[in-house]
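S.K.: Below are the sequence and a predicted model; questions follow.
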Amino acid sequence: MTSRVPLSFASILYDRMQPLQAGEVRPDGLDLNFLTLNHPRDIFDRMAGGKEFDASELSLSEYICRYAAGHRDLVAIPVFPSRAFRHGFIAVNSRTVREPRDLNSKKIGVQLYTMTAAVWIRAVLQQHSVDLSTVQWVQGSMESGESHGRPSVMPLTKPVDIVQNSSGQSLSQLLEDGAIDATIGADLPHCLGKASYVKRLFPDFKEIEKSYFKQTGIFPIMHTVVIRRELCEKHPWLATSLYNALNDSKEVARIRMRFLDCLRYMLPWLAHELDEIDDVFGGDPFVYGVDANRKTLEALVDALHLQAMIAEKPRIEDLFAPIRGQNWKVGWGTTTITR
């Protein structure tokens, strides 16, 4: 490779992306134009709807559904910049819902039925005796009366009781008013903490999530990174180069987080948080690669199938571009790091 290939890349500026965005990590063979956007839905809609970027962050469930439906103009690399446990993102009207099974035959607000956070949450509810087929899903923005972005949603494989919120009120307001019984999604409603009867379904969510991880080994993945397929076909080395650069960027951020002489993040008990990360996750909760995440990826594919979002379950390996030399370390492989 004698000249660098220009590549636009859109992402939220996570701590694990900062070394790449700042140019401290430079992917070999690529002239990277890092585009910082502030809301993931904006990135997803612009990438899936119009391929406005060469590469970007993308909802993992959205990507898998596109792939399963035969839309393969994008190819993922096994980088997962956003992960989150979701037990704590279920808000309920405690007058009508006191335990998970009370959600049967209720109305639940959801920003977007097909969003990854909602897929994981519904899987949790199923594990707690909620029959999803009895629920009516009211879809819309958590904090406005509008829709949640402009997603390119694949059709469901069987009918699901979903209605679009047409009240002019936000999901948060509907929950506060008692028009719906709960909300799920990537955000919590503003009425939580304002209305005394609006509470989390799992108040002790952190301990429940830690137990869930210890039992299952699953730290739910929200987003992956995708590249326009024609670029990967034209430059077969490109996926590996970007993968290694993103891995190196994460490792730089992870090392810096552990410098405790002065706290890099606004976390007063960062040292304790790091001890907990080591105890629960063995040091790196955001590990990349297919094999290290196979159990989580398979669980998401199973949930997408059970929730009528894909007709057939794809092989995990088929979802991702082949990556050469995943046994990387900072400064090795195809990445240049500026010290």
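M.R.: Yes, it's here.
S.K.: Contacts for stretch 198-212 next, please.
M.R.: Contact with stretch 198-212 is made by 85, 87-88, 90-94, 97, 99-100, 175-176, 182, 189, 191-192, 218, 280, as judged by C-beta atoms under 8 Å, 6 or more residues apart in numbering. C-beta: built from backbone N, CA, C; applies to glycine.
S.K.: Strands of the stretch 101-250 of the chain, residue ranges please.
M.R.: 107-110, 136-139, 162-164, 182-184, 198-200, 221-228 (DSSP state E, counting those that start in this stretch).
S.K.: The third one pairs with which strands, parallel or anti?
M.R.: Applying DSSP bridges to the sheet, strand 162-164 is found paired with strand 136-139 (parallel).
S.K.: just how off-centre is the strand it pairs with within its chain?
M.R.: 21 Å (C-alpha atoms, centre = their mean, to the nearest Å).
S.K.: Equivalent analysis for stretch 294-308, please.
M.R.: Using C-alpha atoms, centre = their mean, the offset of stretch 294-308 from its chain centre is 14 Å.
S.K.: Which residues are in contact with Arg324?
M.R.: Arg324 touches Thr240, counting by C-beta under 8 Å, 6+ apart.
S.K.: Quick check: it vs Leu263, distance?
M.R.: 38 Å (C-beta to C-beta, to the nearest Å).
S.K.: Test my guess that Ile108 contacts Val138.
M.R.: Yes: counting by C-beta atoms under 8 Å, Ile108 sits close enough to Val138 to count as a contact (7.0 Å).
S.K.: Next, show the common contact partners of these two.
M.R.: Ile180.
S.K.: per-domain residue ranges of this structure.
M.R.: 5-83+220-322, 87-216 (automatic domain parsing).
S.K.: Let me have these in JSON lines, adding mean pLDDT as columns.
M.R.: Putting these into JSON lines (pLDDT from 0 to 100) gives the following:
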{"stretch": "domain 5-83+220-322", "mean pLDDT": "97"}
{"stretch": "domain 87-216", "mean pLDDT": "97"}
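S.K.: List buried members of the contacts of stretch 198-212 by neighbour count.
M.R.: 85, 87-88, 90-94, 97, 100, 175-176, 182, 189, 191-192, 218 (16 or more other C-beta atoms under 10 Å).
S.K.: hang on, the earlier thing: sitting in helices, which of the contacts of stretch 198-212 do you find?
M.R.: Leu175, Glu176, Val280 (DSSP state H).
S.K.: quick check, nearest of those to Asn165?
M.R.: The shortest approach to Asn165 among the ones in helices among the contacts of stretch 198-212 belongs to Leu175, at 11.4 Å (C-beta to C-beta).
S.K.: The closest one and Ile162: what is the separation?
M.R.: 17 Å.
S.K.: The residue nearest to Asn93 when sequence neighbours are not counted: what's it in contact with?
M.R.: Excluding the flanking residues, the one nearest Asn93 by C-beta to C-beta, 6 or more residues apart in numbering is Asp181, at 5.3 Å. Residues in contact with Asp181 (C-beta under 8 Å, 6+ apart) are Val92, Asn93, Thr96, Val97, Leu103, Lys106, Lys107, Ile108, Leu175.
S.K.: residue boundaries of the helices in the stretch 151-300 of the chain?
M.R.: 171-177, 205-216, 229-234, 238-257, 270-281, 294-306 (DSSP state H, counting those that start in this stretch).
S.K.: JSON lines for these, including distance to His39?
M.R.: Converted to JSON lines, these look like this (distance: least, C-beta to C-beta, whole Å):
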{"stretch": "helix 171-177", "distance to His39": "17"}
{"stretch": "helix 205-216", "distance to His39": "24"}
{"stretch": "helix 229-234", "distance to His39": "25"}
{"stretch": "helix 238-257", "distance to His39": "20"}
{"stretch": "helix 270-281", "distance to His39": "26"}
{"stretch": "helix 294-306", "distance to His39": "22"}
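S.K.: Indicate which one of those helices is closest to Ile12.
M.R.: Of those, nearest to Ile12 by C-beta to C-beta is helix 238-257, at 13.0 Å.
S.K.: what's the closest one packed up against?
M.R.: If contacts are counted by 3 or more C-beta pairs under 8 Å, 6 or more residues apart in numbering; DSSP states H and E, helix 238-257 sits against strand 5-11, helix 18-21, strand 25-27, strand 30-36, strand 74-83, strand 221-228, helix 229-234, strand 335-337.
S.K.: Give me the buried positions along that helix.
M.R.: 238-254, 257.
S.K.: Please save the CA atoms from it in PDB.
M.R.: Output of helix 238-257 as PDB, limited to C-alpha atoms (Å, rounded to 0.1, in the frame of the first residue of the first chain):
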ATOM      1  CA  LEU A 238      -9.200  -2.600   5.300                       C
ATOM      2  CA  ALA A 239     -11.400  -4.400   7.800                       C
ATOM      3  CA  THR A 240      -8.400  -5.800   9.700                       C
ATOM      4  CA  SER A 241      -6.700  -2.400   9.700                       C
ATOM      5  CA  LEU A 242      -9.800  -0.600  11.200                       C
ATOM      6  CA  TYR A 243     -10.400  -3.500  13.600                       C
ATOM      7  CA  ASN A 244      -6.800  -3.300  15.000                       C
ATOM      8  CA  ALA A 245      -6.900   0.500  15.200                       C
ATOM      9  CA  LEU A 246     -10.100   0.400  17.200                       C
ATOM     10  CA  ASN A 247      -8.700  -2.300  19.400                       C
ATOM     11  CA  ASP A 248      -5.600  -0.300  20.100                       C
ATOM     12  CA  SER A 249      -7.500   2.800  20.800                       C
ATOM     13  CA  LYS A 250      -9.600   1.000  23.400                       C
ATOM     14  CA  GLU A 251      -6.500  -0.400  25.000                       C
ATOM     15  CA  VAL A 252      -4.900   3.000  25.200                       C
ATOM     16  CA  ALA A 253      -8.000   4.300  26.900                       C
ATOM     17  CA  ARG A 254      -8.100   1.300  29.300                       C
ATOM     18  CA  ILE A 255      -4.500   1.800  30.400                       C
ATOM     19  CA  ARG A 256      -5.100   5.600  30.900                       C
ATOM     20  CA  MET A 257      -8.200   4.900  33.000                       C
END
